[in-house]
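[1] I'd like to go over a predicted model; first the sequence, then the structure.
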Amino acid sequence: MEGFTVTYPAGWGPAGRLLGTAFANGATCGSAVIVDRAQPEGSGQGTQVEQSLVQVCWQPRDASSLAEFMAATYGSDAGFEATTLAGKPAFVSRSGTSSTFFVDTATRRYQIATAVAASPELEATRLAEVERILSSLTLTE
């Protein structure tokens, strides 16, 4: 996928943009996803879908630093904390079984979003798989 590479486990597959975030709108996105239970045909709203994903989106980087971008976009009370991802300084926000990372390279700004919606029997497995995918992530210029 343009802008990054990941390795994902058996059963997972590539996809485009799956999550509509403000950053993802207008960004180049790709995802790795596994669907454990799809919405049955004609079932309508309210049917539970069990899927897990890692979505990577990027935009050309502007002149601001990552810290400046985070402060301007999310303010100081957004719940992001400093971390590293793909060997680069990053910010992350975690909520339950989902997380959102932001990281810069020399020419691109990335948002990496993860989500796990799995049965109790599969949740730990899917969370571990997401961590393996994140560990394999390489960001390209």
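    Perfect, thanks for sending it. Worth saying up front: this structure is predicted, and the values here are computed from it rather than measured.
[2] from here on, contacts and neighbour counts on C-alpha atoms
    Fine.
[3] packing partners for the helix or strand of the chain at the bottom of the mean pLDDT ranking?
    Ranked by mean pLDDT, DSSP states H and E, the helix or strand of the chain with the weakest confidence is strand 13-15, at a mean of 88. On a contact count with 3 or more Cα pairs under 8 Å, 6 or more residues apart in numbering; DSSP states H and E, strand 13-15 meets strand 28-37.
[4] What mean pLDDT does the strand it packs on get?
    Strand 28-37 shows a mean pLDDT of 90.
[5] same check, this time on stretch 109-125
    The model assigns stretch 109-125 a mean pLDDT of 94.
[6] residues contacting the spatially most central residue of the chain?
    For the chain, A113 is the residue whose C-alpha lies nearest the centre (Cα atoms, centre = their mean; 1.9 Å). Counting by Cα atoms under 8 Å, 6 or more residues apart in numbering, A113 touches 54-56, 98-101.
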